[in-house]
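1. Sharing a model that was predicted from the sequence below.
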Amino acid sequence: MSFIEVSGRRIAYGVNPAAYDPSSLSLLFVHGSGGDREDWRDQLIGLTSTATVIAIELPGHGESDGPGESNVAAYAGWVSDFVEELKLSKVMLVGCSLGSAITQWIALMGKPWLKAIGLVGAGARLRVHPSFLEGLQKADGSAALALLADFCLSPRTGDPLRSSLDQKMRIVPTDLVYGDLKACDEFDVMDRIKEIQIPTWIIVGEDDRLTPPKYAQFLHKEIKGSVLNIVEKAGHLISLEAPFVFNTILKSFIQQRLQ
C-alpha cells in the first residue's frame, strides 16, 4: 500500500511495480461504488508485464481519507489531481461502474496525459434503481448492501467470490455507498459521449444486471473507433469474475492501440 497527499488528504493506492518510470505507460484503475483497490487485485498482479499498474482508492474508500463525494465531477477532480501529483504523463484510465463514469468525465476534460480509456460495466447514463437508494437511507441499510452485492455478480458466479463480496459490502458505511450511488444516478453524458476521441475499450459481462450489455453497445456506437467485448458467464465485476479473460483482452487492446 502506498499513499500520497492530494489537496490536503492522504490518498491510498496500490502500485506494481513499486519503482516505476512515471513517463512510461500507466494503467490506472478506478473502482466502483463502495469499492477499493482490492477490486483490481488480479490486475495489480497480472498486468505488470504490460504497464505500471495503479489502483486508486477514492476519498473515503479503503484507506484513503474521507469523506467521500456524491457527484462524479468531484471524484473526477480527485483522480485527475492524483495523476498530476504522481507526475504520470501517459495514462490509460480504466474504471468500473462509478469508476467508468469518472473515466468518461475525465476523458471529456481533455487531459493531455490521458492516452486511452477502458469502460467496465459502464453507461453514458447510470440510473440507480430507487430501491437501492431508499434502502440505504433506512436505519439499517444492510439489506440494501447485500442486495447490491448480489446484483454485482452473475447468477452463475458462486463462492468464494460471492461470499467475500457479500461480507465486504455489509461492512462498508451505508452513507458512503449512498453518496456513490447518488453520483451514479445523477451522471448523464448521453449528449456528449461522441466527443471522446481517444482509444476506448468497452467491456461488459453478458449477465450484467446493473449496466446491461445494451449500455455498452450504445457507448460503442457513439464513441468512434471503440472496441467492445462482451464476456460470457460474467456480471458487473468482470475484473474479479473473469480476471484471466479480462487481462488477456486488455493486453491485446494495449498492444494494438498504444504500443
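-> The structure has been received and is ready for your questions.

2. so how far is residue 154 from the closest residue to residue 173 other than its chain neighbours?
-> Nearest residue to residue 173 in three dimensions, chain neighbours excluded: residue 60, at 8.0 Å (C-beta to C-beta, 6 or more residues apart in numbering). To be clear about C-beta, it is placed using only N, CA and C from the backbone, and glycine gets the same treatment. Between residue 60 and residue 154 the distance is 28 Å, computed by C-beta to C-beta, to the nearest Å.

3. In contact with residue 10, which residues are there?
-> Shown in contact with residue 10 (C-beta atoms under 8 Å, 6 or more residues apart in numbering): 3-4, 64-65.

4. again, only this time at 6 Å
-> Contacts for residue 10 (C-beta atoms under 6 Å, 6 or more residues apart in numbering) come out as 3, 65.

5. just residue 213 next, same as before
-> Residues near residue 213 by C-beta under 6 Å, 6+ apart: 204, 230.

6. Is it correct that residue 20 is in contact with residue 53?
-> No - checked against C-beta atoms under 6 Å, the pair residue 20 and residue 53 is beyond contact range at 9.1 Å.

7. Look at the two and report which has more neighbours.
-> Neighbours of residue 20 and residue 53, each counted by other C-beta atoms under 10 Å, are more numerous for residue 53; the result is 23 against 17.

8. so where's the stretch 51-200 of the chain shaky on pLDDT?
-> Along the stretch 51-200 of the chain, the parts satisfying pLDDT under 70 run over 139.

9. Now do the strands in it.
-> Using DSSP state E, counting those that start in this stretch, the strands found in the stretch 51-200 of the chain span residues 52-56, 91-96, 114-120, 200-205.

10. nearest to residue 234, of these?
-> Judged by C-beta to C-beta, the one of the strands of the stretch 51-200 of the chain that comes nearest to residue 234 is strand 200-205, at 3.3 Å.
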